[in-house]
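K.L.:
Provide a 3D model corresponding to the input given below.
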Amino acid sequence: QVQLVESGGGLVQAGGSLRLSCAASGRTFTAFVMGWFRQAPGKEREFTAAISWNGGSTIYADSSKGRFSISRDNAKNTVYLQINSLKPEDTAVYYCAARRQVMGAWSYPPSYEYWGQGTQVTVSS
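P.N.:
From the prediction side, this is the model:
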């Protein structure tokens, strides 16, 4: 089992920045690909970014490129999502997730085995 706890969400004005954190406990953190997803009201959960076990590989959704940055600190068992130039359309609950399988699409939510409870990000215009 892996427990994931997100933090860092909040209310921010458009143009601002946030850094979301996801602290992991349980199984070996380095065994997992880590991803960030978000879900806005009335919409499906969507992929934003993912990172390999050592941080050497990252992928981003097209909508995330340029403003989102994923990173991880394996010594702290934590993965981060830096979001800059926030827009009202970034308003959503942001979830981190973990998967052991390296092969396959990292953007596919059902491929992730463990999920956090989410942190709310609200961007005001």
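K.L.:
centroid residue for the chain?
P.N.:
By CA atoms, centre = their mean, the chain has its centre lying nearest to Trp36, at 2.1 Å.
K.L.:
so that residue bridges to which residues?
P.N.:
Beta-bridge partners of Trp36, counted by DSSP bridges, are Ala49, Cys96.
K.L.:
And Ser71, by the same measure?
P.N.:
Tyr80.
K.L.:
Near it, how many residues? Count them for me, please.
P.N.:
15 (other CB atoms under 10 Å). In this view, the C-beta of every residue, glycine as well, is placed from N, C-alpha and C.
K.L.:
thought it was touching Thr78?
P.N.:
No - applying CB atoms under 8 Å as the test, Ser71 and Thr78 come out as separate, 9.2 Å apart.
K.L.:
circling back: return the distance of the residue nearest to the centre of the chain relative to Tyr80.
P.N.:
Trp36 is 9 Å from Tyr80, where distance means CB to CB, to the nearest Å.
K.L.:
got any residues that touch both of those two?
P.N.:
Common neighbours of Trp36 and Tyr80 (criterion: CB atoms under 8 Å, 6 or more residues apart in numbering): Leu20, Cys22, Ile70.
K.L.:
Many thanks, have a good one.
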